[in-house]
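Novice: 3D, please:
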Amino acid sequence: MRPWSFGKPKTPGFGIQRSFYLTILSSRPVWPPILTVINPKGEGGAVTGFGAPLADAASKDALGAPMERGAYVIASKDRKTVLEMLVMSKEEAGFDPEPFLRSQLAQELDRELLNRIRATWLIAQLTFKSHDPMVYPAVDFLLEFSTRLADLTDGVVADPISRRYLLPPQVRQPIRADEKIDARDVVGISHRAKPDGIHLFTLGMQKFAMPEFELSGLEITDLGLGEALLLSLCQTSLMGRKSDSGDRVGAAGFEFEIREGGFDRGLWEGIPVFELLPPPTKTAGECLRAWQAALKNA
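Specialist: Prediction:
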């Protein structure tokens, strides 16, 4: 008689790294009960799932009392995804909003968002303890819980890896590129000026142990197209079709070649990166415009 055989859990070909976390910056000193944020039936607009304090002495009554400093366990209804939430004061977390508020990045952000960051009182850090093998439901659960908690506490969702600060309505795309996942929900795009033009790069693929993407030599007028191309590569990778060194992307005759990048160790130390290189006789901007034209004519 043959022994029982059990198949491995189905996955999209990648998992979630423990370094992937989100932080809620709350401007309220008193928080709602955990049952208002998450409960088994999703009543009252709450997330469907389970939440409870991790303290040994916590009683069932704690579920209906305002949340306090300490550790909480947050689980999806099927218990395939489990998060740990640490709630602390901004002083305990060592968070001082003023340096950020004086930064160049802050000048580009919404005034309401900046006011909430300035008024930060309590901070919650959410990390994965385990996750659904299919990854997509786990990411959705994290985003949904973060949105709900930030909304109820006049908070901001901070994504440190992607270097983004988001108001609750901005955490998830209203119209998603795919129902499973939208790269824009987990990946940020950043850029900086360099002698040979603007350097554009993604921040967020490392959450899934996949390479980031970068593109150099851009004019400022190329940024929108450059962001669209990089996000499309991220979306493709997150749908399970990963890029490899030597792949080509773009319009015929104007294709970028994907090669190992990340030579700026100050930015990329320990992080795998793919760089998009235009043909020797073409500029990155020309290749992007050709790609755009090809999409319109497809």
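Novice: When you work out contacts or count neighbours from here on, use the C-alpha atoms and nothing else.
Specialist: Noted.
Novice: in the stretch 1-150 of the chain, which spans are strands?
Specialist: Listed from the start of the chain, the stretch 1-150 of the chain has strands (DSSP state E, counting those that start in this stretch) covering 21-26, 38-39, 47-53, 70-76, 82-89, 122-130.
Novice: Return the angle between stretch directions for the third one and strand 70-76.
Specialist: If I follow you right, that is strand 47-53. 150 degrees (axes from the mean of the first three to the mean of the last three C-alpha atoms, to 10 degrees).
Novice: For residue 223, which non-adjacent residue is closest in space?
Specialist: Excluding the flanking residues, the one nearest residue 223 by C-alpha to C-alpha, 6 or more residues apart in numbering is residue 200, at 7.7 Å.
Novice: if I've got this straight, the one you found is in a helix?
Specialist: No - counting by DSSP: H, G, I helix; E, B strand; the rest coil, one finds residue 200 to be strand, located in no helix.
Novice: That one is in contact with residue 215, isn't it?
Specialist: Yes - with contact defined as C-alpha atoms under 8 Å, residue 200 reaches residue 215; the gap is 5.2 Å.
Novice: Report the set of residues contacting both of those two.
Specialist: residue 226 (C-alpha atoms under 8 Å, 6 or more residues apart in numbering).
Novice: With neighbour numbers in mind, choose between these two.
Specialist: residue 215 (24 against 21; other C-alpha atoms under 10 Å).
Novice: domains of the chain?
Specialist: Domain ranges of the chain: 21-170, 184-297, per automatic domain parsing.
Novice: Surely residue 252 is within a strand?
Specialist: No - assigned with three-state DSSP, residue 252 falls outside any strand and is coil.
Novice: and it, how many neighbours?
Specialist: Applying other C-alpha under 10 Å, we find 12 residues neighbouring residue 252.
Novice: which phi and psi does it have?
Specialist: When quoted as degrees, to the nearest 10, the phi and psi of residue 252 stand at phi -60, psi 130.
Novice: I'd like to know how far it sits from residue 219.
Specialist: With distances taken as C-alpha to C-alpha, to the nearest Å, residue 252 is found 22 Å from residue 219.
Novice: do the same with residue 279
Specialist: 17 Å.
Novice: Find the residue closest to residue 294 in space, skipping its chain neighbours.
Specialist: Leaving out its chain neighbours, the residue that sits closest to residue 294 by C-alpha to C-alpha, 6+ apart is residue 251, at 6.0 Å.
Novice: Dihedrals phi and psi, that neighbour?
Specialist: phi -80, psi 150.
Novice: contacting residues for residue 244?
Specialist: 258, 259 are the contacts of residue 244 under C-alpha under 8 Å, 6+ apart.
Novice: so how far is residue 135 from it?
Specialist: Taking C-alpha to C-alpha, one finds residue 244 at 21 Å from residue 135.
Novice: What residues does the residue most central in space within the chain make contact with?
Specialist: Among the residues of the chain, residue 186 comes closest to the average C-alpha position under C-alpha atoms, centre = their mean, at 2.6 Å. Residues counted as contacts of residue 186 (C-alpha under 8 Å, 6+ apart) are 162, 204, 205.
Novice: my guess is the first one meets residue 187, correct?
Specialist: Read that as residue 162. Yes - here residue 162 reaches residue 187: they are 5.9 Å apart, a contact under C-alpha under 8 Å.
Novice: shared neighbours, the two?
Specialist: By C-alpha under 8 Å, 6+ apart, the residues touching both residue 162 and residue 187 are 202, 203, 204.
Novice: and stretch 20-37, which residues are buried?
Specialist: 20-28, 31-37 (16 or more other C-alpha atoms under 10 Å).
Novice: just stretch 209-229 next, same as before
Specialist: Within stretch 209-229, the residues that count as buried by 16+ other C-alpha under 10 Å are 210-219, 222-223, 225-227, 229.
Novice: ok, of those, which one's closest to residue 96?
Specialist: Lowest distance from residue 96 to the buried residues of stretch 209-229 (C-alpha to C-alpha) belongs to residue 212, with 29.0 Å.
Novice: If we ignore the residues flanking it in sequence, what's nearest that closest one?
Specialist: Per C-alpha to C-alpha, 6+ apart, closest to residue 212 is residue 273, 4.6 Å.
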